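Engineer: model the following, please.
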Amino acid sequence: MFLNMLDIDEKRAFAELAEKMIEADGLVIGREAAALAALKAEMGIADAGGGGRSVDELAGVFKGRGSKVAALLELISLGYSDTSFSIGEESLVNAVASRMAVSPNDLHAIEAWVQEHFGLVRRALILMRE
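Structural biologist: Have a look, this model is predicted:
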């Protein structure tokens, strides 16, 4: 949804972070893999490329506040794509946010937005039922 705000280097870094995110709970399910594939397609990236950078290095690629918030919104959304935000996923997001100098209050607001968004999507799907 917000990945178009990222430049090409940020998109590559996000793709690597997203791969780390879906592996953070030690279990990659189909829904997470499909969500990752959709995010890569949205960014026009077939492969993250590399994969050897640390979370700190990857988080350091994002310079502007807009790109940092966009990346965190998308990472947290990916974490919730399997309906549960695991401790490993939360730890990864906290490390990324810390490296990005995003405050805990802002991170909480970002996560609350994601939860609200998921709730609205669920409500919309209920309305669409026949």
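
Engineer: contact partners for the closest residue to M5 other than its chain neighbours?
Structural biologist: Using C-beta to C-beta, 6 or more residues apart in numbering and skipping the chain neighbours, the partner closest in space to M5 is A70 (4.7 Å). From N, CA and C alone the C-beta is placed, and that goes for glycine too. A70 makes contacts with 2-3, 5-6, as judged by C-beta atoms under 8 Å, 6 or more residues apart in numbering.

Engineer: give me the phi and psi angles of A70.
Structural biologist: Main-chain torsions, A70, degrees, to the nearest 10: phi -60, psi -50.

Engineer: S84 too?
Structural biologist: Main-chain torsions, S84, degrees, to the nearest 10: phi -130, psi 140.

Engineer: still on that earlier bit, what's the closest of the contacts of A70 to F85?
Structural biologist: Comparing these against F85 with C-beta to C-beta places F2 closest, at 18.5 Å.

Engineer: wait, doesn't that closest one sit right on E74?
Structural biologist: Yes. Look at F2 against E74 with C-beta atoms under 8 Å: they come within range, at 6.2 Å.

Engineer: those two: who's more crowded?
Structural biologist: Neighbours were counted for F2 and for E74 using other C-beta atoms under 10 Å; E74 has more, 24 against 15.

Engineer: wait, the more buried one touches A38, no?
Structural biologist: No. Using C-beta under 8 Å, E74 is not in contact with A38, being 10.8 Å away.
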